[in-house]
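Trainee: coordinates only, sequence not included:
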């Protein structure tokens, strides 16, 4: 099976972190098996990774992942096998599934992702229909995509405490919609399993809570392997009660930026890293790369110009930003076609599938 070859792959001696992970492979696999016995894995997710050579850290975890259309088709058997395992746990008789995508029907690449996801589920033996939350779609509607595939969207129906499309009654509702604009009433209090659960949507979920939980896991894992937790975990702080339009909360933001930059400088000095530290300021709820800025000096977040404030004030679907995550910035040593690259790992259940 062909896997992408990044610039760091098999180039020169193994970095210290990679060597330690490989030396501890047996202990790591045993530890992971124990974790999956105690904790349920998300149905699917993707994780944005930053490999700086000396450090390898996740900087975002997407519980409603897009981009399945970008995976190497050779990974398809891994995806199908993982889906089968996930479905057996949730709905052993696998009567069927309704997949609910995002509302932006003009994004061809996203819709190709939905088609790929539907095909993958069908190959696992599951009947899949695409149910849309768009109010203006009142009957089955086919969309012709640029890559030659077709996608049929059908209006969702609520029957008591069950969700259906055109008399099709599934046992599972799979969300590929991150609920940025809120949780629709039609999805509340359903008898069927809803995956990911509604509280995983951006209406409720916060990146700062995620990274607080990840910090605990990273520290336990680092102790197992015998490494500094910082090597797999970016520093972060949460700044709440901010209003970019009214210039409120800038002092809070400036203070956290200064604190994290100082912490990074101390680590860079400890490990002999020559680059300049930087932080990423991003909305604590939301996705699609909106509400994000790079900062190298605390003064940069004070007195933002109108364009910068507008960029940070609102994210996807007009959601206003009042809480931000101040996160350590990690350099990438990966490139593809001479451009900086960020590997994204895809998981279904607890299996890495691409």
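Mentor: Looks like it came in fine. Not measured: the values here are computed from a predicted model.
Trainee: Any buried residues in the longest helix seen in the chain, and which?
Mentor: Assignment by DSSP state H gives helix 250-271 as the longest helix of the chain. For helix 250-271, burial by neighbour count (16 or more other CB atoms under 10 Å) applies to 250, 252-254, 256-258, 260-261, 263-264, 267. The way it works is simple: take the backbone N, C-alpha and C, and place the C-beta from them, glycine included.
Trainee: need the contact list for residue 261.
Mentor: Residue 261 sits next to 277-279, 296-298 when contact means CB atoms under 8 Å, 6 or more residues apart in numbering.
Trainee: Just confirm residue 158 is within a strand.
Mentor: Yes. Counting by DSSP: H, G, I helix; E, B strand; the rest coil, residue 158 falls inside a strand.
Trainee: ok, it touching residue 186?
Mentor: Yes. Between residue 158 and residue 186 there is a contact under CB atoms under 8 Å: 5.1 Å.
Trainee: Please pull out the lowest mean pLDDT helix or strand from this protein.
Mentor: Within the chain, no helix or strand scores below helix 306-313, which has a mean of 77 by mean pLDDT, DSSP states H and E.
Trainee: Please state the offset of that helix from the chain centre?
Mentor: Taking the mean of its C-alpha atoms, helix 306-313 sits 24 Å from the chain's own mean (CA atoms, centre = their mean, to the nearest Å).
Trainee: With stretch 301-320 instead?
Mentor: Put simply, stretch 301-320 sits 22 Å off its chain's centre (CA atoms, centre = their mean).
Trainee: ditto for stretch 47-54
Mentor: Using CA atoms, centre = their mean, the offset of stretch 47-54 from its chain centre is 15 Å.
Trainee: Report the buried residues of that stretch.
Mentor: Residues of stretch 47-54 classed as buried by neighbour count (16+ other CB under 10 Å): 47, 49-52, 54.
Trainee: Now distance to residue 350, pLDDT and secondary structure too, for these, in CSV please.
Mentor: Shown next, in CSV, are the buried residues of stretch 47-54 (distance: CB to CB, whole Å; pLDDT from 0 to 100; DSSP: H, G, I helix; E, B strand; the rest coil):
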residue, distance to residue 350, pLDDT, secondary structure
47, 13, 96, strand
49, 17, 94, strand
50, 22, 92, strand
51, 22, 90, strand
52, 26, 89, coil
54, 28, 87, coil
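Trainee: Residue 146: which of these is nearest?
Mentor: Relative to residue 146, the closest of the buried residues of stretch 47-54 is residue 47; by CB to CB it sits at 28.1 Å.
Trainee: one step back: among the contacts of residue 261, which are in strands?
Mentor: Among these, the members found in strands (DSSP state E) are residue 279.
Trainee: Pick out the residue nearest the middle of the protein.
Mentor: By CA atoms, centre = their mean, the chain has its centre lying nearest to residue 62, at 1.3 Å.
Trainee: separation between it and residue 46?
Mentor: The spacing between residue 62 and residue 46, counted by CB to CB, to the nearest Å, is 5 Å.
Trainee: related to what we said a few turns ago, and the contacts of residue 261, which of them are buried?
Mentor: Judged by 16+ other CB under 10 Å, buried ones among those: 277-279, 298.
Trainee: Show me which of those has the smallest pLDDT value.
Mentor: pLDDT is lowest at residue 298 among the buried ones among the contacts of residue 261; the value there is 92.
Trainee: ok so, going back, need the contacts of residue 261 in CSV (columns: distance to residue 198).
Mentor: Shown next, in CSV, are these (distance: CB to CB, whole Å):
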residue, distance to residue 198
277, 38
278, 35
279, 32
296, 38
297, 40
298, 38
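Trainee: now, which of the contacts of residue 261 sits nearest residue 331?
Mentor: Nearest to residue 331, judged by CB to CB, of the contacts of residue 261 is residue 278 at 8.5 Å.
Trainee: any idea how far residue 296 is from the closest one?
Mentor: Per CB to CB, residue 278 is found 5 Å from residue 296.
Trainee: for residue 311, same thing?
Mentor: Distance, residue 311 to residue 296, by CB to CB: 17 Å.
Trainee: re the thing from before, right, and out of the contacts of residue 261, which lies closest to residue 121?
Mentor: Using CB to CB, residue 279 comes nearest to residue 121 of the contacts of residue 261, at 39.1 Å.
Trainee: Could you check how far residue 246 is from residue 320?
Mentor: Distance, residue 246 to residue 320, by CB to CB: 11 Å.
Trainee: Also residue 271?
Mentor: 39 Å.
Trainee: who does the one helix or strand residue 88 maps to touch, helix- and strand-wise?
Mentor: Assessed by DSSP states H and E, residue 88 sits inside helix 76-90. Using 3 or more CB pairs under 8 Å, 6 or more residues apart in numbering; DSSP states H and E as the contact test, the elements touching helix 76-90 are helix 108-123, strand 344-348, strand 351-352.
Trainee: Partner strands of the helix or strand just after the longest one and their direction?
Mentor: So the one you mean is helix 108-123. Using DSSP H and E, the next helix or strand after helix 108-123 towards the C-terminus is strand 128-132. Sheet pairing for strand 128-132, assigned by DSSP bridges, gives strand 97-101 (parallel), strand 150-155 (parallel).
Trainee: For the helix or strand following strand 128-132, name the packing helices and strands.
Mentor: Once the chain leaves strand 128-132, the next helix or strand it forms, by DSSP H and E, is strand 141-144. The helices and strands touching strand 141-144, judged by 3+ CB pairs under 8 Å, 6+ apart, are strand 150-155.
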